[in-house]
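Colleague: Pasting the sequence and the predicted coordinates here, then a few questions.
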Amino acid sequence: MDEERLWRAVQGQDPRFDGWFVLGVLTTGIYCRPSCPARTPLRKNVRFHPSAAAAQAAGLRACKRCRPDASPGTPAWNGRSDLAARAVRLIADGVVDREGVPGLASRLGYSRRQVERALLAELGAGPLALARAQRAQTARTLVETTDLPLAEVAFAAGFGSVRQFNDTVQDVFALTPGELRRRAAPTAAAGALSLRLPFRAPLWPDSLLGHLAATAVPGVEEWRDGAYRRTLRLPHGSGIVSLSVHAGHVACRLSLADLRDLAPAVARCRRLLDLDADPVAVDAQLSGDEVLAPWVAKAPGRRVPGTVDASELAVRAVLGQQVSTSAARTHAARLVQAAGDEIDDAEGGLTHLFPSAGAVAEVDPEVLKLPVSRRTTVLRVARALADGEVDLDPGADRELARGQLLALPGVGPWTADVVTMRGLGDPDAFLATDLGVVLAARTLGLGEGRTLVRRAERWSPYRAYAVQHLWAVGDHPVNHLPVEAIG
């Protein structure tokens, strides 16, 4: 880390650097966000740490004022494709809590020692320390937002014992779990949580939520009262989430069958809305192109709409090949009714989980009212996902996954690139053959085919965000919030 640059960010209390690093203050024994509003410490008393886990390992506790444990995530871990970034994405999804470090290493295809070495070099903390930091934040969320008994909070957050839970909370926050609860006065019932998901400004919500609403599969997703709602298939059970954008945060209401799924659910919602992006860096890069610059200025902070389940997205991408958005929703809804698990929704709008890849692979082919070749491709992709022939885990190697998809008959570059862009969060994926992109490029005089691909090199490593601006050139429902959201 360039410490002089980091110190300037601290002096300016620059919120754009929140989540990139934390500063430890030797005289107080705390660590803070760069934007902490407290008095700036003396430079000689400051040490920089690449992660909250590293600061905790150094014996520091979280600042009670700026809550650095609740900062936006570092954009690098979503954008990068190296071993450390893949490991961080899997840890955020709860893999270490469920499968331990050996399970993490196995998913990554490396030895345990190689994974630990990579994380120590990049983040100053190993996988166990990173998972511990995440458990501490999950515990704090449950303590402050539910009235769940503290002993149940301990196990829901992933701790092996109540004593471990108490000791960790005390070490990290310098407060006991009971003191945290008394300070917060929780208002939510157990199993129902109201959270604030932070992000880096600016954020353009129209095309983000508009895309999710326009492509929503009936029964699985809906737009209601200014919020996007959907069902979630999680490691320990099911869930329902409601997401709405506000100034400085996304309001997230979660109902979970098993509270152990809190951390994975939050991680998946952040990926869905691309909340860990660095919009300033993205917009600066794209504004360097004189054709895109006006579009970036018109809608700063566009995000790439992601997914909560890359396997679901892969199936839906095949269903959506060469058909309209409306037709793709119809095909997906038919599949959901035939193979999706039913779910109870207190608000009455959601009825099913999207079927797992294994369930899709076993569905009666006659359910899919598609041409025989497309029907065969859907079932083949689902079987490859269920059998592990194609790996779309959050920590998957993107290039390898793209190659695995392209190796399946009936899967072309458009489908593979959609999955890479939206399912695996590749910020540089580019849909050169997408009809909306082609039409927009023609309108803007950017060329077609190889000419467009060469022009797009200017936008790297953020070509996926350029796609969002190109889609905005056309008049399509994905670019707008539903009408009832206005006002």
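Modeller: Arrived safely.
Colleague: which residues touch the closest residue to Met421 other than its chain neighbours?
Modeller: Nearest residue to Met421, sequence neighbours excluded (Cβ to Cβ, 6 or more residues apart in numbering): Ala429, at 3.5 Å. Glycine gets a C-beta too; all of them are placed from N, C-alpha and C. Contacts for Ala429 were tallied using Cβ atoms under 8 Å, 6 or more residues apart in numbering; they are 417, 420-421, 463-464, 467.
Colleague: Try it again at 10 Å.
Modeller: 304, 398, 402, 416-423, 463-464, 467 (Cβ atoms under 10 Å, 6 or more residues apart in numbering).
Colleague: any idea which of those residues has the most stuff around it?
Modeller: Using other Cβ atoms under 10 Å as the neighbour test, the contacts of Ala429 are led by Val419, with 29 neighbours.
Colleague: distance of Val363 from Leu208?
Modeller: According to Cβ to Cβ, to the nearest Å, Val363 stands 31 Å off from Leu208.
Colleague: Same question for Ala139.
Modeller: Taken as Cβ to Cβ, the span from Ala139 to Leu208 is 30 Å.
Colleague: what's the distance between the closest residue to Gly423 other than its chain neighbours and Asp426?
Modeller: Leaving out its chain neighbours, the residue that sits closest to Gly423 by Cβ to Cβ, 6+ apart is Ala310, at 3.3 Å. When distance is defined by Cβ to Cβ, Ala310 is 11 Å away from Asp426.
Colleague: need the longest helix for the chain.
Modeller: When the chain is parsed with DSSP state H, its longest helix is helix 127-145.
Colleague: Now do the strands in the stretch 51-200 of the chain.
Modeller: For the stretch 51-200 of the chain, applying DSSP state E, counting those that start in this stretch gives strands covering 61-62, 192-198.
Colleague: Direction included, what does the longest one pair against?
Modeller: I take that to be strand 192-198. strand 249-256 (antiparallel) (DSSP bridges).
Colleague: Tabulate the strands of the stretch 51-200 of the chain in a markdown table, adding columns for mean neighbour count, distance to Gly288 and mean pLDDT.
Modeller: Formatted as a markdown table, the strands of the stretch 51-200 of the chain follow (neighbours: other Cβ atoms under 10 Å; distance: least, Cβ to Cβ, whole Å; pLDDT from 0 to 100):
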| stretch | mean neighbour count | distance to Gly288 | mean pLDDT |
| --- | --- | --- | --- |
| strand 61-62 | 22 | 38 | 96 |
| strand 192-198 | 18 | 28 | 89 |
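Colleague: For the lowest-mean-pLDDT helix or strand in the chain, C-alpha coordinates in CSV please.
Modeller: Using mean pLDDT, DSSP states H and E, the weakest-scoring helix or strand in the chain turns out to be helix 75-79, at a mean of 84. Provided in CSV are the C-alpha atoms of helix 75-79 (Å, rounded to 0.1, in the frame of the first residue of the first chain):
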residue,chain,number,x,y,z
PRO,A,75,-13.9,-3.3,-5.1
ALA,A,76,-10.8,-5.4,-5.8
TRP,A,77,-12.3,-8.6,-4.4
ASN,A,78,-15.1,-8.5,-6.8
GLY,A,79,-13.1,-7.3,-9.8
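Colleague: same for that helix, what does it pack against?
Modeller: Of the remaining helices and strands, those touching helix 75-79 by 3 or more Cβ pairs under 10 Å, 6 or more residues apart in numbering; DSSP states H and E are helix 83-92, helix 112-123, helix 279-286.
Colleague: So which of those is the most surrounded?
Modeller: Per-stretch averages of neighbours, counted by mean count of other Cβ atoms under 10 Å, single out helix 83-92 among the helices and strands packed on helix 75-79, with a mean of 23.
Colleague: That one packs against which elements?
Modeller: Short answer (3+ Cβ pairs under 10 Å, 6+ apart): helix 83-92 packs on helix 75-79, helix 95-108, helix 112-123, helix 127-145, helix 262-273.
Colleague: so where's the stretch 1-150 of the chain uncertain?
Modeller: 1 (pLDDT under 70).
Colleague: if we can go back for a sec, out of Val363 and Leu208, which sits in the busier spot?
Modeller: Leu208 (27 against 18).
Colleague: how far away is the more buried one from Asp387?
Modeller: 33 Å.
Colleague: got the end-to-end distance for stretch 59-78?
Modeller: Start-to-end span of stretch 59-78 (Cα to Cα, to the nearest Å) is 28 Å.
Colleague: For it, buried residues please.
Modeller: For stretch 59-78, burial by neighbour count (16 or more other Cβ atoms under 10 Å) applies to 60-63, 66-78.
Colleague: Count the residues that sit near Glu3.
Modeller: Neighbour tally, Glu3, other Cβ under 10 Å: 12.
Colleague: distance of the closest residue to it other than its chain neighbours from Gln285?
Modeller: What sits nearest to Glu3 in space, not counting adjacent residues and going by Cβ to Cβ, 6+ apart, is Phe48, at 5.8 Å. Phe48 sits at a distance of 26 Å from Gln285 (criterion: Cβ to Cβ).
Colleague: What of Pro127?
Modeller: Pro127 sits 32 Å away from Gln285 when distances are taken as Cβ to Cβ.
Colleague: And for the least confident helix or strand of the chain, what's in contact with it?
Modeller: Around helix 75-79, the neighbours that count as contacts under Cβ under 10 Å, 6+ apart are 19-20, 50-51, 82, 84-89, 91-92, 122-123, 200, 270-271, 274-279, 281-282, 304, 306, 394, 424-428, 461-462, 464.
Colleague: The same query, at a cut-off of 8 Å, please.
Modeller: So helix 75-79 is in contact with 19-20, 84-85, 88-89, 92, 200, 271, 274, 276-278, 281, 425, 427, 461, going by Cβ under 8 Å, 6+ apart.
Colleague: before we move on, what about stretch 387-398?
Modeller: Outside stretch 387-398, the residues that touch it by Cβ under 8 Å, 6+ apart are 81, 86-87, 89-90, 92-93, 95, 107-109, 267, 271, 310-311, 314, 381, 383-385, 400-401, 404-405, 408, 419-420, 423-424, 426.
Colleague: cool, stretch 283-290 as well?
Modeller: By Cβ under 8 Å, 6+ apart, stretch 283-290 touches 292-293, 296-297, 300-301, 455, 458-459, 461-462, 465-466, 469.
Colleague: make it 6 Å
Modeller: With contacts defined as Cβ atoms under 6 Å, 6 or more residues apart in numbering, stretch 283-290 is touched by 292-293, 296, 300, 458-459, 462, 466.
Colleague: residue contacts, Ala277?
Modeller: By Cβ under 6 Å, 6+ apart, the contact set of Ala277 is 75, 303.
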